[in-house]
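Visitor: only the shape, not the letters, is given here:
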């Protein structure tokens, strides 16, 4: 304890026969690990509820930490994403197919397809002119609480980096 460590190794087995690290209190780390596993199995619902509550409690902090890391390591994150996508083309194709299907389901029969096409053509002209823009759904097609429609008055042309950063959320 005086040295400021919480574990040490004696080289001797505990009474249950584990040759493992010991806590300063004298408890065998392996015995404690097995005890936690047994408790988790015996009280799985209680442990699951604790984990869910703990996860919810720390989610905002974790999201903030992840965002800070992403901003500091943007190129590394992009490379990792590109690598994953090249290793899992079937999952990328499935995700895109899911988006296309959602878009089709979100397009009502009364949608003005000509007005929708005008938005996409305008975005194409801007991209050819050197602007990095996307056609974005103001109310996301697959939002958590609401699902928008694929109609011309739910579309906007925004900078690509803004669209990527907002994901499935409304711009405020």
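Guide: Noted; the coordinates are in hand. Here the structure is a predicted model, which is why all the values come from computation and not from measurement.
Visitor: let me know the secondary structure of residue 134.
Guide: Secondary structure of residue 134, reduced to three states by DSSP: H, G, I helix; E, B strand; the rest coil: strand.
Visitor: give me the number of residues near it?
Guide: Using other Cβ atoms under 10 Å, residue 134 has 16 other residues around it. From N, CA and C alone the C-beta is placed, and that goes for glycine too.
Visitor: ok, now how distant is it from residue 159?
Guide: 8 Å (Cβ to Cβ, to the nearest Å).
Visitor: please parse the protein into its domains.
Guide: The chain breaks down into these domains under automatic domain parsing: 7-44, 111-172.
Visitor: so for the first one, what gets flagged as buried?
Guide: Residues 14, 20, 22, 28, 30, 31 are the ones in domain 7-44 that count as buried (16 or more other Cβ atoms under 10 Å).
Visitor: average pLDDT across it?
Guide: With pLDDT averaged residue by residue, domain 7-44 scores 93.
Visitor: check stretch 70-82 too.
Guide: The average of the pLDDT scores along stretch 70-82 is 95.
Visitor: start at 529, not 1
Guide: Renumbered: residue one is now 529, and that last one reads stretch 598-610.
Visitor: got the contact list for that stretch?
Guide: Counting by Cβ atoms under 8 Å, 6 or more residues apart in numbering, stretch 598-610 makes contact with no residue outside itself.
Visitor: do stretch 644-657 as well
Guide: Here stretch 644-657 makes contact (Cβ under 8 Å, 6+ apart) with 661, 662, 663, 678, 679, 680, 683, 685.
Visitor: the residue nearest in space to the middle of the chain: helix or strand, and which one exactly?
Guide: The chain has residue 591 as the residue nearest its centroid, 8.8 Å off, counting by Cα atoms, centre = their mean. Using DSSP states H and E, residue 591 falls within helix 572-600.
Visitor: what's near enough to touch the residue lying closest to residue 640 once chain neighbours are set aside?
Guide: Leaving aside its sequence neighbours, residue 640 sits nearest to residue 680 (Cβ to Cβ, 6 or more residues apart in numbering; 5.4 Å). With contacts defined as Cβ under 8 Å, 6+ apart, residue 680 is in contact with 639, 640, 643, 644, 646, 647.
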